[in-house]
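# Quick one: sequence and predicted model below, then my questions.
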Amino acid sequence: METVTKLDGRRRGIFPSPFQPGDSVVREYQDSNRITFRLLKPAEVPVVKSLRKKGYTILKAPAVSRVAIAEALRAERDAR
């Protein structure tokens, strides 16, 4: 399904409902007459609690294995 959006004088357009204010999009040029906007979903970020001990702030994060760190680094490098 194709949705046509007309821009106003300040180059602003109204996008369909999957897009919300503040969303990040990637502009992809298909050819000289066609541009596609792809919505980027934010990564799931874990919430970490902080503790105060002896005047220091300590973040209480879940344990992460070396294997998980190595896999994440490899995936990030391969994505480049």
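Sure thing, it's come through. Bear in mind that the values here come from a model prediction, so they are computed numbers and not experimental data.
# would you list every one of the strands in the chain?
Assigned by DSSP state E, the chain shows strands spanning 24-31, 34-40, 49-53, 56-60.
# And the ones you listed: which comes nearest residue 13?
strand 34-40 (9.5 Å; C-beta to C-beta). Placement of C-beta: from N, CA and C, glycine included.
# Strand 24-31 and the closest one, what's the angle between them?
Angle, strand 34-40 to strand 24-31, by axes from the mean of the first three to the mean of the last three C-alpha atoms, to 10 degrees: 150 degrees.
# Output the contacting helices and strands for strand 34-40.
strand 24-31 (3 or more C-beta pairs under 8 Å, 6 or more residues apart in numbering; DSSP states H and E).
# if we can go back for a sec, closest to residue 67 out of the strands of the chain?
strand 56-60 (21.6 Å).
# what's the angle between the closest one and strand 49-53?
150 degrees.
# Can you give the contact residues for strand 56-60?
48-52 (C-beta atoms under 8 Å, 6 or more residues apart in numbering).
# Now with 7 Å, please.
48-51 (C-beta atoms under 7 Å, 6 or more residues apart in numbering).
# List buried residues within these.
Buried residues within the contacts of strand 56-60, defined by neighbour count using 16 or more other C-beta atoms under 10 Å: none.
# and which of those residues is nearest residue 74?
Out of the contacts of strand 56-60, the member with the shortest distance to residue 74 (by C-beta to C-beta) is residue 48, at 23.9 Å.
# which residues does the closest one contact?
Counted by C-beta under 7 Å, 6+ apart, residue 48 has contacts 59-61.
# again with residue 50
Going by C-beta under 7 Å, 6+ apart, the list of residues near residue 50 reads 57-59.
# So which of the contacts of residue 48 is the closest to residue 74?
residue 61 (21.2 Å).
# burial of the closest one, as a residue count?
11 (other C-beta atoms under 10 Å).
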